[in-house]
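Novice: Any chance you could fold what I've pasted below:
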Amino acid sequence: MLQRILARFTALTGVDQAYIISTRDGLVSAVGKRNRVPEVEHATQLLKTLIDMEQSTGIGQGLEMWCEGGEKLMLSRLNIDSFLVLSGKKGGRIARWRHAIDRDADMICALMR
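Specialist: Numbers count the residues shown, from 1 in each chain. Reported below is the predicted structural model:
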């Protein structure tokens, strides 16, 4: 079921990969285009940066981070240690990605328990 939900994210404009990573367990689940490996190391480094920023500034828990450039990457916190990552092409629309995540986040969290 988790794979089906992640597959729906790859149907969004510009999304090539949808995967869940955990700060404890690493890659939990992934769906994406053929012959393309999720950028787990890059996403993990961004997560560490987000967590360091939370701790050093005291601004509270970071819920989302995105990067735009040649490619797009969006990280969204699902629970205390798990994040959904969407990555893709320049033409992707972050607002639509965000709406899709909001729609399915509760179901993903329920499946991960």
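Novice: what about the residue nearest the centre of the chain, distance to S56?
Specialist: Note on the chain: the residue nearest the mean C-alpha position is V85, at 1.5 Å, using Cα atoms, centre = their mean. Between V85 and S56 the computed distance is 23 Å (Cβ to Cβ, to the nearest Å). The C-beta positions use only the backbone N, C-alpha and C, and glycine is treated the same way.
Novice: And G88, by the same measure?
Specialist: 30 Å.
Novice: more crowded one of those two?
Specialist: G88 (22 against 8; other Cβ atoms under 10 Å).
Novice: Can you name the residues that contact that one?
Specialist: Counting by Cβ atoms under 8 Å, 6 or more residues apart in numbering, G88 makes contact with G14, V15, D16, Q17, E71, K72.
Novice: Mind checking what secondary structure R4 has?
Specialist: The three-state label given to R4 by DSSP: H, G, I helix; E, B strand; the rest coil is helix.
Novice: Can you get me a residue count around G14?
Specialist: Using other Cβ under 10 Å, G14 is surrounded by 18 other residues.
Novice: wait, I101
Specialist: When neighbours are counted by other Cβ under 10 Å, I101 registers 19.
Novice: All good on my end, thank you.
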